[in-house]
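> no FASTA, just this:
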């Protein structure tokens, strides 16, 4: 059952009070007495910790918890924020989506949508696309969590059904990308009101009346695939999707580059399934960075599939993460898959000169890039874990900070002014 709340019709002050008292949200707290703002606009993060019952606003540059709120229902760790960083959307309990106002960490809306597999938020914060189980479908919500549209996960003729594997935010194209299991399609749903019409018929002859157009705004733009592609990643410019197909009786698994403009495969890459991969931008070109069987980093041109660079470190690479400013690769390397690891950094303008930034990091370890693809959060160790933040231009990391029961991380990447006492 979908609960609809129309608080957007109320004045701003009443809207906030309604979010606190009428909705009975799972999480609410009063802001503490902080300064007027944060000095590091790209170092503000949301953290779900305490086995999912605590939501924390973290100034990662100083590694200081600046505000916290407690949730009665456990938050599941998935966090979505829009570009201006004013609101965050999280999953609570079995299938409740909660909208939080930042930086106060006050819940202002919530809705129970059912069994949520995954969800994504548009960059402008106006649309939330949710993938549900049983039956498999996509549900489009507006910023106030009101249901707008339902998309059954079927082929155009309805003959075959599938399920949504992942939802990607394609900010450069103002669209969502949905990868599917069960059917040979890739979906793009545009949130751009000026999106071009969609022609699912004879595209090359549509001006002669043989193609029937549907609206490009919030419509499904289907790309037919030769094989099912359940998972994928986006190129940094948003024009291409890179994914590994499922193996079939007559065809092994392949890694393909799908161009969204022409809706077809433009390259096949040499990549073993399951290898670490990241889309990177360097020297004016788009590459896929992967790790080969020997643990070396391989850069393949996304337009041609050709290998452009192979970079070997002193130890095999276990994981990698790309950032855009500056164009770089962050790597975890080590002699053992269980660690300890070194954190290495490759400037893509000179990839053959990697640098080691940290040595002897306890395992397991993982990385997450900051919003705007700047800076990096390093998570290491077993329960409890350690957090370290590395700004792109920092000489040394901030932290470590000990976190117990870590469930989710998300960078805001914006500067948020704390409200004055007169505004609260």
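Perfect, thanks for sending it. In this text the structure is predicted, and so the values were computed from the model without any measurement.
> low-confidence ranges in this structure?
Low-confidence segments of the chain (pLDDT under 70): 1-42, 201-211, 272-274, 372-373, 393-394, 415, 417-424.
> where along the stretch 151-300 of the chain do the strands fall?
Applying DSSP state E, counting those that start in this stretch to the stretch 151-300 of the chain gives strands spanning 163-170, 175-181, 185-190, 198-199, 213-214, 220-224, 231-234, 240-244, 255-259, 264-269, 277-282, 285-291, 297-301.
> Can you add mean neighbour count and give the ones you listed back as a markdown table?
Placement of C-beta: from N, CA and C, glycine included. A markdown table is the format used below for those (neighbours: other CB atoms under 10 Å):
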| stretch | mean neighbour count |
| --- | --- |
| strand 163-170 | 20 |
| strand 175-181 | 23 |
| strand 185-190 | 22 |
| strand 198-199 | 18 |
| strand 213-214 | 13 |
| strand 220-224 | 17 |
| strand 231-234 | 19 |
| strand 240-244 | 24 |
| strand 255-259 | 22 |
| strand 264-269 | 16 |
| strand 277-282 | 22 |
| strand 285-291 | 22 |
| strand 297-301 | 22 |
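> Can you add distance to residue 44 and give those strands back as JSON lines?
Listed next are those as JSON lines, based on distance: least, CB to CB, whole Å:
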{"stretch": "strand 163-170", "distance to residue 44": "19"}
{"stretch": "strand 175-181", "distance to residue 44": "25"}
{"stretch": "strand 185-190", "distance to residue 44": "29"}
{"stretch": "strand 198-199", "distance to residue 44": "38"}
{"stretch": "strand 213-214", "distance to residue 44": "40"}
{"stretch": "strand 220-224", "distance to residue 44": "34"}
{"stretch": "strand 231-234", "distance to residue 44": "24"}
{"stretch": "strand 240-244", "distance to residue 44": "30"}
{"stretch": "strand 255-259", "distance to residue 44": "34"}
{"stretch": "strand 264-269", "distance to residue 44": "36"}
{"stretch": "strand 277-282", "distance to residue 44": "23"}
{"stretch": "strand 285-291", "distance to residue 44": "27"}
{"stretch": "strand 297-301", "distance to residue 44": "30"}
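> now for these, which one comes closest to residue 413?
Of all these, strand 163-170 sits nearest to residue 413, with 13.4 Å by CB to CB.
> ok, back up a step: closest to residue 114 out of the strands of the stretch 151-300 of the chain?
strand 163-170 (13.2 Å).
> Tell me the strands beside the closest one, with direction?
Sheet pairing of strand 163-170 (DSSP bridges) gives strand 175-181 (antiparallel).
> Report the angle between the partner strand and strand 240-244.
Counting by axes from the mean of the first three to the mean of the last three CA atoms, to 10 degrees, strand 175-181 lies at 20 degrees to strand 240-244.
> Now do strand 175-181: distance to the chain's middle.
On the basis of CA atoms, centre = their mean, to the nearest Å, strand 175-181 sits 13 Å off its chain's mean C-alpha point.
> what sits up against it?
120, 122, 127, 129, 131, 138, 153, 162-170, 186-192, 195, 221, 228-232, 234, 241, 243, 260 (CB atoms under 8 Å, 6 or more residues apart in numbering).
> now it and strand 220-224, what's the angle there?
Counting by the same axes, to 10 degrees, strand 175-181 lies at 50 degrees to strand 220-224.
> so strand 175-181 versus strand 185-190, what angle?
Using the same axes, to 10 degrees: strand 175-181 against strand 185-190 is 160 degrees.
> Distance check, the nearest residue to residue 363 once chain neighbours are set aside against residue 156.
Among residues not flanking residue 363 along the chain, residue 339 sits closest, at 2.3 Å (CB to CB, 6 or more residues apart in numbering). Residue 339 sits 48 Å away from residue 156, taking CB to CB, to the nearest Å as the criterion.
> who has more neighbours, the two?
residue 339 (18 against 12; other CB atoms under 10 Å).
> in which helix or strand would I find that one?
Secondary structure assignment for residue 339, by DSSP states H and E: no helix or strand.
> pretty sure residue 331 contacts residue 296?
No. Here residue 331 lies out of contact with residue 296, judged by CB atoms under 8 Å, at a distance of 10.6 Å.
> neighbour count winner among the two?
Neighbour count, other CB under 10 Å: between residue 331 and residue 296, residue 331 has more, with 27 against 15.
> Mind listing the shared neighbours of residue 331 and residue 296?
Shared contacts of residue 331 and residue 296 (CB under 8 Å, 6+ apart): 313, 317.
> So the residue nearest to residue 363 sits against residue 361, correct?
Yes. Using CB under 8 Å, residue 339 is in contact with residue 361, at 6.7 Å.
> Could you measure from the residue nearest to residue 363 over to residue 332?
Residue 339 is 9 Å from residue 332, by CB to CB.
> any residues in contact with both of those two?
361, 365.
> give me the number of residues near residue 292?
17.
> Which residue, neighbours along the chain excluded, lies closest to it?
Of all residues not flanking residue 292 in the chain, residue 298 sits nearest, at 5.3 Å (CB to CB, 6+ apart).
> I'd say residue 136 and residue 161 touch.
Yes. At 6.8 Å, residue 136 and residue 161 qualify as touching, with contact defined as CB under 8 Å.
> Have a look at the two and say which one is more surrounded.
The residue with more neighbours, out of residue 136 and residue 161, is residue 136; 19 against 15, by other CB under 10 Å.
> Report the contact partners of residue 185.
By CB under 8 Å, 6+ apart, the neighbours of residue 185 are 155, 162, 222-225.
> give me that answer again for 7 Å
Contact analysis of residue 185 by CB atoms under 7 Å, 6 or more residues apart in numbering lists 155, 222-225.
> Residue 321 too?
278, 330, 367, 369, 376.
> Tell me the secondary structure at it.
strand (DSSP: H, G, I helix; E, B strand; the rest coil).
> Distance-wise, check it relative to residue 186.
Distance, residue 321 to residue 186, using CB to CB: 24 Å.
> one step back: shared neighbours, residue 136 and residue 161?
Shared contacts of residue 136 and residue 161 (CB under 7 Å, 6+ apart): residue 153.
> How much space separates the residue lying closest to residue 136 once chain neighbours are set aside from residue 233?
Nearest non-adjacent residue to residue 136, counting by CB to CB, 6+ apart: residue 163, 4.2 Å away. Going from residue 163 to residue 233 by CB to CB gives 19 Å.
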